[in-house]
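Asks: From the sequence below, what's the structure:
(4 chains)
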Protein chains: 2
Amino acid sequence: MNARKFKRSGCFTELKDRIIETSLRLFERHGFHGVSVQEIVKKSGSSKGGFYHHFQSKEELLFVIHDYFASYVLTKAQEAMSSSIRPTDKMQRIIQSFVKAFDLYKPHISVFYQESIYLKPPYDQAIKEKRKQYKEAIFSIIQEGIDKGEFRPELPVQITSMSILGMVNWSYKWYKRDGEKTIDEIANIYVDLILHSLLTDQAKQDAAFQSYFLNDPLDSYSN
Amino acid sequence: MNARKFKRSGCFTELKDRIIETSLRLFERHGFHGVSVQEIVKKSGSSKGGFYHHFQSKEELLFVIHDYFASYVLTKAQEAMSSSIRPTDKMQRIIQSFVKAFDLYKPHISVFYQESIYLKPPYDQAIKEKRKQYKEAIFSIIQEGIDKGEFRPELPVQITSMSILGMVNWSYKWYKRDGEKTIDEIANIYVDLILHSLLTDQAKQDAAFQSYFLNDPLDSYSN
DNA sequence: ATAACAAGACCAACTAGTCGGTCTTACATA
DNA sequence: TATGTAAGACCGACTAGTTGGTCTTGTTAT
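Replies: Modelled structure (predicted):
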């Protein structure tokens, strides 16, 4: 019904999206400064005019890419936080939602981490704020887990949080969609590793927490 | 005794080192493409002639910085690997040596990870090879740990290795020398987290492994 | 004499961004 | 239904500036 969706070129993808997708692929491989605007517009079948009609500057394009991913992940985290009660369960959900984002937004994420240093004022502020919110979500889960007796009290909240974030974030350096593990398998491995680090001995033996762990391959012979 | 060390300027640091140190600080903050050769030579109190006397190109300077850190860490890893017998102990030593490198080479490491995408042939090959060797060192420790019954057999070697590497590597994003934890404390936290993930229940209860863990703060009241 | 620089003019290549202009489309008017 | 018009989408030649790198000349210490 909305006629604006039909472009005169007969193609349904809008130019703006085409530019973003093209530059995403180029930035991922060659970096923000390794790709010129000329190359972007050429490879996306566009022009300088088209580019600057949609973006105020090359840096705004970088910001759009950053924000796209940051907003998505933060939203998912907030969903996971409010959808559950047990800290352990929140942690599982937040990890799973994050790891799954690698499957959807690998190029965004690569650009997000690789080129974050090149985002300058005023663009960097909005992104920094979202990073901070995400970090604090993890902090609060771990603190809550300690308070409720699920997580080990001797763990320092901030360093533990940062090591979890590092572990998961680093995936962008090596994850490939056609690798031997699916993204869900990887997420489950992370959950297993993280919860083995976090949970108290008591919680680990609780039957309610067994489903978060990987199965011991030898277990299959034991019944 | 070596007279070459005495520069006519009255300063003992050689120009080459001064250039490297200056560019290190600049690259860390503004990125490889955010700093021009002009700025480097100006801020290091040098000149273009001096710069190109020591470096064939700006990219060779980037390579030198990369190689400096990569060689150091790889050497340390190999030392740790051959200095011990138990996989658990190897893991502790390799983590500690790596984390300590953050204190010594924070700027090198930042540049190493942030600008790695901008190292182009032929410089990238030598670095890639050293990265690969480091990765495989971790692989072999984990495999050995599983084979010897210290580490949980259900863990997939590669993903587990990558998550350890990610956890530690990520430190460059947030570690500050004047933070509230010392670098040794951070290393011990990492070792605790990692070994809680890796060790079998049996090994965890073994008295020989207790020294790798953080103390439960409540324990101090229990005797 | 020679190596280790300093100083800086200079160049070719390249870059982000601009600007005048063209073509569609939507919509108001008659 | 036909038509005028304004807005938005897009093109591409062009500009002004920057960059890595070269080269020449001169100076100092050994």
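
Asks: Just the buried residues of stretch A:15-35, please?
Replies: A:15-16, A:18-20, A:22-24, A:26-28, A:31-33, A:35 (16 or more other C-beta atoms under 10 Å in any protein chain shown). (Each C-beta comes from the backbone N, C-alpha and C, glycine too.)

Asks: That one and DNA strand D, are they touching?
Replies: Yes: on the criterion C-beta under 7 Å from any atom of the strand, stretch A:15-35 is in touch with DNA strand D at A:15, A:16.

Asks: residues in contact with the nearest residue to residue A:175 once chain neighbours are set aside?
Replies: The shortest distance from residue A:175 to any non-neighbouring residue, by C-beta to C-beta, 6 or more residues apart in numbering or on different chains, is to residue A:102 (5.2 Å). For residue A:102, the contacting residues are A:109, A:171, A:172, A:175, A:183, by C-beta atoms under 8 Å, 6 or more residues apart in numbering or on different chains.

Asks: Would you reformat those as a markdown table and include pLDDT and distance to DNA strand D?
Replies: Putting the contacts of residue A:102 into a markdown table (pLDDT from 0 to 100; distance: C-beta to the nearest atom of the strand, whole Å) gives the following:
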| residue | pLDDT | distance to DNA strand D |
| --- | --- | --- |
| A:109 | 96 | 27 |
| A:171 | 96 | 32 |
| A:172 | 95 | 27 |
| A:175 | 95 | 32 |
| A:183 | 96 | 34 |
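
Asks: now, which of these sits nearest DNA strand C?
Replies: residue A:109 (21.8 Å; C-beta to the nearest atom of the strand).

Asks: Which of the helices or strands spans the closest residue to DNA strand D within chain A?
Replies: Residue of chain A nearest DNA strand D, by C-beta to the nearest atom of the strand: residue A:49 (1.7 Å). Here residue A:49 is covered by helix A:48-54, with elements defined by DSSP states H and E.

Asks: One more: residue A:128?
Replies: helix A:123-147.

Asks: mind checking pLDDT for the nearest residue to residue A:200 once chain neighbours are set aside?
Replies: Excluding the flanking residues, the one nearest residue A:200 by C-beta to C-beta, 6+ apart is residue A:152, at 5.3 Å. For residue A:152, the pLDDT comes out at 97.

Asks: So residue A:152 sits against residue A:198, correct?
Replies: Yes: assessed by C-beta atoms under 8 Å, residue A:152 is found in contact with residue A:198 at 6.5 Å.

Asks: Show me the helices in chain A, by range?
Replies: Along chain A, the segments classed as helices by DSSP state H run A:15-30, A:37-43, A:48-54, A:58-82, A:87-114, A:123-147, A:157-169, A:183-198, A:201-205.

Asks: And those: which comes nearest residue B:76?
Replies: Within the helices of chain A, the stretch nearest residue B:76 is helix A:157-169; the backing value is 19.7 Å (C-beta to C-beta).

Asks: ok and that closest one relative to helix B:183-198, angle-wise?
Replies: Computed by axes from the mean of the first three to the mean of the last three C-alpha atoms, to 10 degrees, the angle separating helix A:157-169 from helix B:183-198 equals 60 degrees.

Asks: Helix A:157-169 and chain B, are they touching?
Replies: Yes: remark: helix A:157-169 sits within contact range of chain B at A:159, A:160, A:162, A:163, A:164, A:165, A:166, A:167, A:168, A:169, by C-beta under 8 Å from any C-beta of the partner chain.

Asks: Counting neighbours, what do you get for the first one?
Replies: Read that as residue A:159. When neighbours are defined as other C-beta atoms under 10 Å in any protein chain shown, residue A:159 has 20 of them.

Asks: just checking, what packs against the helix holding residue A:128?
Replies: helix A:58-82, helix A:87-114, helix A:157-169 (3 or more C-beta pairs under 8 Å, 6 or more residues apart in numbering or on different chains; DSSP states H and E).

Asks: Would you mind saying which of the ones you listed lies nearest residue A:208?
Replies: Nearest to residue A:208, of the helices and strands packed on helix A:123-147 and by C-beta to C-beta, is helix A:87-114 at 8.7 Å.

Asks: Could you give me the buried positions within the closest one?
Replies: A:87-99, A:101-102, A:105-114.

Asks: With stretch A:170-186 instead?
Replies: Within stretch A:170-186, the residues scored as buried using 16+ other C-beta under 10 Å are A:170, A:171, A:172, A:173, A:175, A:183, A:186.

Asks: likewise stretch A:39-47?
Replies: Quick answer for stretch A:39-47 (16+ other C-beta under 10 Å): A:40, A:41, A:44, A:46.

Asks: Tell me the confidence at the third one?
Replies: Each residue has a pLDDT score; the one for residue A:44 is 93.

Asks: quick one, phi psi at it?
Replies: Main-chain torsions, residue A:44, degrees, to the nearest 10: phi -100, psi 10.

Asks: quick one: contacts for residue A:70?
Replies: Contacts of residue A:70 by C-beta under 8 Å, 6+ apart are A:112, A:127, A:130, A:131, A:134.

Asks: how about low-confidence regions in chain A?
Replies: Within chain A, the ranges that satisfy pLDDT under 70 run A:1-13, A:216-223.

Asks: rerun at 80
Replies: A:1-13, A:84, A:215-223 (pLDDT under 80).

Asks: May I see the domains of it written out as residue ranges?
Replies: A:11-55, A:57-215 (automatic domain parsing).

Asks: chain center to the first one, what's the gap?
Replies: This means domain A:11-55. Chain-centre distance of domain A:11-55: 23 Å, with C-alpha atoms, centre = their mean, to the nearest Å.

Asks: So it, near DNA strand C or not?
Replies: Yes: for domain A:11-55 and DNA strand C, the contact criterion (C-beta under 7 Å from any atom of the strand) is met by A:36, A:37, A:38, A:39, A:48, A:49, A:52.

Asks: that older thread, ok, of the buried residues of stretch A:15-35, which one's closest to chain B?
Replies: Nearest to chain B out of these is residue A:33 (C-beta to the nearest C-beta; 3.6 Å).

Asks: Residue B:118 is in contact with that closest one, correct?
Replies: Yes: with contact defined as C-beta under 8 Å, residue A:33 counts as touching residue B:118 (7.4 Å).

Asks: any residues in contact with both of these two?
Replies: Common neighbours of residue A:33 and residue B:118 (C-beta under 8 Å, 6+ apart) are B:32, B:33.

Asks: quick one: contacts for the residue lying closest to residue A:190 once chain neighbours are set aside?
Replies: Leaving aside its chain neighbours, residue A:190 sits nearest to residue A:95 (5.4 Å; criterion: C-beta to C-beta, 6+ apart). Counting by C-beta under 8 Å, 6+ apart, residue A:95 touches A:164, A:168, A:187, A:190, A:191, A:194.

Asks: mind redoing it with 7 Å?
Replies: Contacts of residue A:95 were listed using C-beta atoms under 7 Å, 6 or more residues apart in numbering or on different chains, and they are A:168, A:187, A:190, A:191, A:194.

Asks: Please apply the same query to residue A:35.
Replies: Going by C-beta under 7 Å, 6+ apart, residue A:35 touches A:23, A:26, A:27.
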